[in-house]
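*Asks:* model the structure of this input:
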Amino acid sequence: MSPPSSVPPPIVYTIAGSDSGGGAGIQADLHAMHSMGCHGCSAITCVTAQSSTGVTGVHSPPTEFLRLQLDTLQNDLPPRAIKIGMLGSKELALVVGGFLKDLIEKSQASNTGEEKPFIVFDPVMISTSGHKLIQDDAKNAIVEFVFPFVDIVTPNKFEAEELLGRTLNSSEDIEQGAKDILAMGVKSVLIKGGHSLAEGAAEEDIQLDVNATAGYSQDYYLSSEPPLDKDGLERICDGCRGVWLRANRYDSVHTHGTGCTLSSVIASALAIGHQQRSIVGSETGAGSAIYMIDACVLAKAYVTAGIASGVQLGQGPGPVIHTAFPSTSRHFPSVALDPRNGPSGGFLKMKSAISSESNNAEEEVATLGKLMPIVDNAEWLEQLTKTKEITDIQLRIKGETNEDSIFALVQKCQGICERDSVRLWINDFWKAAVKAGCFGVHVGQEDLTRCLDEGGLYEIRSKGLALGISTHSYAELAAAFGIQPSYISLGPVFDTTSKNVAFEPQGLATVRKWRELIGHEIPLVAIGGINNADRTREVKGAGADCVAVIGAVKKDDVRTAIKELKSAMR
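*Replies:* Got it, this is the predicted structure:
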């Protein structure tokens, strides 16, 4: 989400060329930065005379003037992120590399504890049509003097091939190529255009409302950085594992400025996260959790929406349309577990009780209840199921590691739920849930990765169990989309003491954003700090289909507490 209105917009630089036609270069960069809620500043490396039909001239100001632009900006408007575009000569690369070196050293010497600015480099070396745009000495200078300071480089397939000196003909080639680019000194890489390897996608994989020769576009992200989890636990969306991002693909010639726009949105998203982590009181869980993979997810959503809306302005191809911070499921990407094949079947489909009330169409789909109590023992579970007021309940087992003991408790709880016609969801322990024949499994992101690696997702799906997935960030939401679960949860919405969480409270604004991004095909469950009817009503108003609660039902009069919460969800 864009920064709160009370906070000044984060500052982002673009160091790039000028496109007099307004479709690419600094013009596209500044459009994108503004659309994302950032303040863009520009340092121009070259000036072009161009329109939608082509370039008729290029003028490069003296390199000393480029450095003057950068120093002038930095002295008054320090950046939170910098996007670098076309560096057409060795001299330009040396100037930019020198500036980055000085900037990073100054940031490290400040002793403020604040993160250094993020550096995003779009290596404009090869055009989308495959034409070489810079000479070898410039490329070599970029690798030697600019790459050491770059947090992410975003080559298209042709540019990656130019950097590597070889062609990339398969998804395995792309993945190895990304590893070799990391070895050149950058921290992470996003290779765009991996979908070009799969132009022969089966027609059944193509959505009917998408005009595309291949049903999806996909890019590959890889990072040398460790997982964000303090214990080193991996998520499916962590760049150290390698991540394929997939979105709807649109056949359109109106794609001028896609690379510029994508890298600028990455920089803008990183600046938002950078700012929200630095200003106490301005942060939200999803906003302060915007790191590199999250920025790539948001950028892909933004560019996909821009291509879908593309129009011709002149006689040649039109530019990517600049929209706003991503706000629709239609363009939001998913993490593809297999880049070689289209989406696989999802998990047991469920619908929202709230949306079902206004939907007259009869569907043979289970309806998720509006309330999901979370318990940690059979006694409390039975007290709740006996009220006959709930349809779903989740068992979260704490402090037990013995598999036999875990299964015994799960089996006991499943027996109680079967007797009282309540659906039992098991938190994390999927093997016990499958063995006991429970209705569903709920997993967090790290447990989702373990479940995937152990073959658990296949087993859960094949046994017909439902699956719920926790999300806290934009990249985690993309990972959930790739799994196609029965529901997606978001939390913690408010401060909570029931569980140690690594994310700031999300707030109601994030609930509303998740509702926009998920759409109404998958129920949205809100969790964390929802401890009374008033908060339940607020969360429902923000778009939640179901609330998961702990303390809110731990009352002397359990039945009345449940009725009050259910009433708040009407």
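
*Asks:* by mean pLDDT, flag the weakest helix or strand of the chain.
*Replies:* Lowest on mean pLDDT, DSSP states H and E among the helices and strands of the chain sits helix 353-357, with a mean of 72.

*Asks:* and the closest residue to Y302 other than its chain neighbours, how many neighbours?
*Replies:* Closest residue to Y302 apart from its sequence neighbours, by CB to CB, 6 or more residues apart in numbering: V265 at 4.6 Å. Using the backbone N, CA and C atoms, a C-beta is placed for each residue, glycine as well. For V265, the neighbour count with other CB atoms under 10 Å is 31.

*Asks:* quick one, what contacts V265?
*Replies:* Shown in contact with V265 (CB atoms under 8 Å, 6 or more residues apart in numbering): A32, M36, A295, L298, A299, Y302, V303.

*Asks:* and of those, the nearest to Q218?
*Replies:* V303 (12.7 Å; CB to CB).

*Asks:* OK, contacts around that closest one?
*Replies:* T258, T261, L262, V265, V320.

*Asks:* that one - nearest residue in space that isn't next to it in sequence?
*Replies:* With CB to CB, 6+ apart as the criterion, V303 has its nearest non-adjacent residue at 4.9 Å, and that residue is L262.

*Asks:* mean confidence (pLDDT) on the helix or strand where that neighbour lies, please.
*Replies:* Taking DSSP states H and E as the definition, one finds L262 inside helix 258-278. On average, the pLDDT along helix 258-278 is 95.

*Asks:* can you confirm V189 is in a strand?
*Replies:* Yes. Read with DSSP: H, G, I helix; E, B strand; the rest coil, V189 is one of the residues of a strand.

*Asks:* so the nearest residue to Q69 once chain neighbours are set aside: helix, strand or coil?
*Replies:* Among residues not flanking Q69 along the chain, A43 sits closest, at 4.0 Å (CB to CB, 6+ apart). Assigned with three-state DSSP, A43 falls in the strand class.

*Asks:* and A43, how far from F65?
*Replies:* 9 Å (CB to CB, to the nearest Å).

*Asks:* buried residues, stretch 11-28. List them.
*Replies:* By 16 or more other CB atoms under 10 Å, the buried positions in stretch 11-28 come out as 11-19, 21-28.

*Asks:* phi, psi of the most centrally placed residue in the chain?
*Replies:* Geometric centre of the chain, nearest residue: A475, 2.7 Å, by CA atoms, centre = their mean. Here is the backbone geometry of A475 (degrees, to the nearest 10): phi -70, psi -40.

*Asks:* tell me how far it lies from Y291.
*Replies:* On the measure of CB to CB, A475 and Y291 end up 8 Å apart.

*Asks:* again, but for A336
*Replies:* 20 Å.

*Asks:* same check on N156?
*Replies:* Counting by CB to CB, the gap from N156 to Y291 is 23 Å.

*Asks:* what does G482 give?
*Replies:* From G482 to Y291 the distance is 18 Å (CB to CB).

*Asks:* try D251
*Replies:* Separation of D251 from Y291 (CB to CB): 32 Å.

*Asks:* and E446, what helix or strand is that in?
*Replies:* Counting by DSSP H and E, E446 is found in helix 445-453.

*Asks:* now do K139
*Replies:* Going by DSSP H and E, K139 is part of helix 136-141.

*Asks:* can you give me the buried ones in that helix?
*Replies:* Buried, per 16+ other CB under 10 Å, within helix 136-141: A138, K139, A141.
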